[in-house]
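S.K.: With the sequence up front, the predicted model follows.
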Amino acid sequence: MTPDHDQEDRLRAAAARSRDAHPASQAPVDRILTAARARRKRRRAAAAVASAACVLGVGLAVPFLKPAPDAVGAADRPSPLPTRSATPTPAPAPDTVGARVAEGTTDGHRWSVALEFHRTLPKDYAPPTPPGAATAPSASLLCQRMVIGGVRIDHQGGPWSDCQQVNGAQDPRASGEMGLWGLHEKGLSGTRLLVSNPEAAVAYGVVSLSDGTQVKAATVTVPGTVYRAWAAPVPDGRTITAVDQYDAHHHRLSHDTDLR
């Protein structure tokens, strides 16, 4: 039997012979690097193509994905720019204003009293002034329309017979008067109307009649003016014993017994 060290020597010698018969070649470093560079170039080209395709796809998809204006939510809409509102032009004051003072039925006749203020003189108004007298440019007209049974008192004098000229809407001269009006005998018989144009403090009037009855009438003012009146009917066959005027606190301001 051959010793182990002899067998080991033979194996080494065989290995040496095999190495000498097949010399080892160097590692193909250049070929490996060249192949790696080629693969890297292919990856870059593929990435560039994919990126371009993605951009093109997004660009083409945008018009189809854009929502219609009605589908946009309120929160997504841009806030409208504030608009400057035009300054409202105040409406011109009407040329004629009026107020219904009182109305009712007495002796079977419908009656009414109204004040009518004209800011400018009507074209067909003929002022009761001497010929050639100048009319103030600021003159206005205040009419006291009194009607009994469908007939306007003093209608015989024309459409402006129950009117007076005033200086604008604040003329104090139109206050403080009181009169008894009717269709017969200058207000001395038949159904009549007592009309007062009181001062500003007067809130109402009370008319005491010969049969013991009393008629209370509230003061009414034409809007935008100082012109006011209260009116009460006086039935046929009755007379006035007293007329009292009161303020808003029911304090008597005047007492008149001269009217009949």
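M.R.: Received the coordinates, thanks. Owing to the predicted nature of the structure, the values given are computational and were not obtained by experimental measurement.
S.K.: Run through the residues that contact the residue lying closest to residue 164 once chain neighbours are set aside.
M.R.: Leaving aside its sequence neighbours, residue 164 sits nearest to residue 142 (C-beta to C-beta, 6 or more residues apart in numbering; 5.6 Å). The way it works is simple: take the backbone N, C-alpha and C, and place the C-beta from them, glycine included. Contacts for residue 142 were tallied using C-beta atoms under 8 Å, 6 or more residues apart in numbering; they are 115, 116, 117, 118, 163, 164, 165, 166, 171, 174, 227.
S.K.: residues near the nearest residue to the fifth one once chain neighbours are set aside, how many?
M.R.: Closest residue to residue 163 in three dimensions, ignoring its sequence neighbours and counting by C-beta to C-beta, 6+ apart: residue 143, at 3.9 Å. The number of residues packed around residue 143, counting by other C-beta atoms under 10 Å, is 19.
S.K.: do residue 158 as well
M.R.: Using other C-beta under 10 Å, the number of residues around residue 158 comes to 12.
S.K.: Which residue, other than its chain neighbours, is closest to it?
M.R.: Nearest to residue 158 is residue 126, by C-beta to C-beta, 6+ apart, at 7.7 Å.
S.K.: next helix or strand past the helix or strand bottoming out on mean pLDDT in the chain?
M.R.: Sorted by mean pLDDT, DSSP states H and E, the helices and strands of the chain end with helix 29-65, the least confident at a mean of 53. Once the chain leaves helix 29-65, the next helix or strand it forms, by DSSP states H and E, is strand 96-106.
S.K.: just checking, next helix/strand downstream of that next one?
M.R.: Proceeding C-terminally, strand 96-106 gives way to strand 109-118 as the next helix or strand, assigned by DSSP H and E.
S.K.: Buried residues in stretch 143-156, which are they?
M.R.: Along stretch 143-156, these residues count as buried under the neighbour rule (16 or more other C-beta atoms under 10 Å): 143, 144, 145, 146, 147, 148, 153.
S.K.: what distance separates the start and the end of that stretch?
M.R.: Across its full length, stretch 143-156 reaches 15 Å end to end, with C-alpha to C-alpha, to the nearest Å as the criterion.
S.K.: Repeat that for stretch 233-253.
M.R.: End-to-end span of stretch 233-253 (C-alpha to C-alpha): 21 Å.
S.K.: same thing with stretch 239-258?
M.R.: Taking C-alpha to C-alpha, the span from the opening residue of stretch 239-258 to its closing residue is 11 Å.
S.K.: How about residues contacting that stretch?
M.R.: When contacts are defined by C-beta under 8 Å, 6+ apart, stretch 239-258 is touched by residues 178, 180, 194, 196, 198-199, 201-210, 234, 259-260.
S.K.: Can you say which of those are buried?
M.R.: In those, burial by neighbour count holds for 178, 180, 194, 196, 198-199, 202-207, 209, 234, 259, counting by 16+ other C-beta under 10 Å.
S.K.: farthest pair in those?
M.R.: When C-beta to C-beta is used, the two most widely separated members of the buried ones among the contacts of stretch 239-258 are 199 and 209, lying 24.1 Å apart.
S.K.: mind showing which ranges of the stretch 1-150 of the chain have poor pLDDT?
M.R.: Using pLDDT under 70 as the threshold, the predicted model of the stretch 1-150 of the chain has low-confidence ranges 1-8, 11, 14-16, 18-93, 128-138.
S.K.: Could you look up the SS state of the residue nearest to residue 158?
M.R.: Each residue gets one of three states, and residue 126 gets coil by DSSP: H, G, I helix; E, B strand; the rest coil.
S.K.: so what's the backbone phi/psi at it?
M.R.: Note on residue 126: backbone dihedrals following degrees, to the nearest 10 are phi -110, psi 100.
S.K.: switch to numbering from 775
M.R.: That works, and once the first residue is 775, the last one we named lands at residue 900.
S.K.: Can you tell me how far it is from residue 934?
M.R.: Using C-beta to C-beta, to the nearest Å, residue 900 is found at 7 Å from residue 934.
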